[in-house]
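**Student:** coords please:
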Amino acid sequence: MNSSEKDIPIHHLTSQPFLLTTLGTGHPENFNDVHRHNFFEIIWFRHVKENSSLELDFEHHTLKNNQICIIAPGQVFNMKLRGEEGYVLAISREIFKEACDIETILAGGTCPFSLDPQSAETCNTIISLMEQEYTGASRIDLLKTYLRAFCIISTEQINLQDPSINDRQRIQKLVSLIEEHYTIQRDTRFYADQIKVSTHHLNDIARFSRGTTVKKMIAQRLLLEAKRELSFGVLSVKEIAFKLGFSDASYFSRFFKKHTDQNPDGFKVGKG
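**Tutor:** Alright, predicted model coming up:
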């Protein structure tokens, strides 16, 4: 753990690499604080209250019945449970990587998305089988098979928002590349070259799939990490600026204020 993360509340999987529980009967981690995970978590909200909501990476999301939220390692999550019903899967990075298409999940599945009635019925069957195995022999290979089936249904639902297979694969690749390079590469040309399309075409894909541009996607990723560090980290504004690849703190401050209407120091105090 680096120095910038030592005071950030992080929840770990300690007893086993795969946990299955329900929202109604309790959960092994405490939902009632702002935290991150070092694992993947899938929450299936079967039934929610009228005003049920959660916060994921500083974005507020109102919940509906039969929605799924997939939380990736490092994301900032907060939710007050109010009697919602559903399932929670806590999965180690290694098992999740084996069972699920991580690029698709990161590209479109981290915010709550809905299941259509047929998919909800299929997922219910899968979860029932998973629950039976988990409380019985708990064979990890069989649990991974059920998890893979659940993720296939989930990614199909995510992919319905983008009918173009090629463009869907490219936006997935773009998200993955931005995640890897956003602190050092901010030129659309770099990402277009990696994906082997023109900058114009890549921006068209981003607009269709995300309603934005590549530069704005990079800026939003930088802004998200800045908010995380300012809210929960121990670095100074100058240290955060250099960590995120800015040449000086004043440039970082102008960037942050442009996108939030707040100075970094003001944001940090407000979250403190």
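
**Student:** count of neighbours near the closest residue to His181 other than its chain neighbours?
**Tutor:** What sits nearest to His181 in space, not counting adjacent residues and going by Cβ to Cβ, 6 or more residues apart in numbering, is Phe190, at 7.3 Å. For every residue, glycine as well, the C-beta is placed using N, CA and C. Phe190 has 16 neighbouring residues, counting by other Cβ atoms under 10 Å.

**Student:** Doesn't Phe190 belong to a helix?
**Tutor:** Yes: under DSSP: H, G, I helix; E, B strand; the rest coil, Phe190 falls within a helix.

**Student:** wait, isn't it in contact with Tyr182?
**Tutor:** No: Phe190 is beyond contact range of Tyr182, at 10.8 Å (criterion: Cβ atoms under 8 Å).

**Student:** shared neighbours, those two?
**Tutor:** Shared contacts of Phe190 and Tyr182, defined by Cβ atoms under 8 Å, 6 or more residues apart in numbering, are absent.

**Student:** which is the next helix or strand following whatever helix or strand Gln132 lives in?
**Tutor:** Gln132 is located in helix 117-135, with elements delineated by DSSP states H and E. For helix 117-135, the succeeding helix or strand toward the C-terminus, using DSSP H and E, is helix 140-159.

**Student:** any weak-confidence spans in this protein?
**Tutor:** 1-9, 14, 26-32, 103-110, 161-165, 269-272 (pLDDT under 70).

**Student:** one more time with 50, if that's ok
**Tutor:** 1-6, 109 (pLDDT under 50).

**Student:** need the strands for it, in chain order.
**Tutor:** For the chain, the strands defined by DSSP state E cover 10-11, 18-22, 36-37, 40-47, 53-56, 59-62, 67-71, 77-78, 85-91, 113-114.

**Student:** List the contacts of Leu63.
**Tutor:** Neighbours of Leu63 in contact, by Cβ under 8 Å, 6+ apart: Phe45, Val48, Ser52, Ser53, Leu54, Glu84, Pro112.

**Student:** I'd like the distance between it and Asn51.
**Tutor:** Counting by Cβ to Cβ, to the nearest Å, the gap from Leu63 to Asn51 is 9 Å.

**Student:** Reformat the contacts of Leu63 as TSV; add neighbour count and distance to His200.
**Tutor:** TSV is the format used below for the contacts of Leu63 (neighbours: other Cβ atoms under 10 Å; distance: Cβ to Cβ, whole Å):
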residue	neighbour count	distance to His200
Phe45	23	39
Val48	21	42
Ser52	20	41
Ser53	15	38
Leu54	24	37
Glu84	21	44
Pro112	18	32
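
**Student:** Which pair in these has the greatest spatial separation?
**Tutor:** Glu84 and Pro112 (12.1 Å; Cβ to Cβ).

**Student:** Now do the shared contacts for these two.
**Tutor:** Residues touching both Glu84 and Pro112 by Cβ under 8 Å, 6+ apart: Phe45, Leu63.
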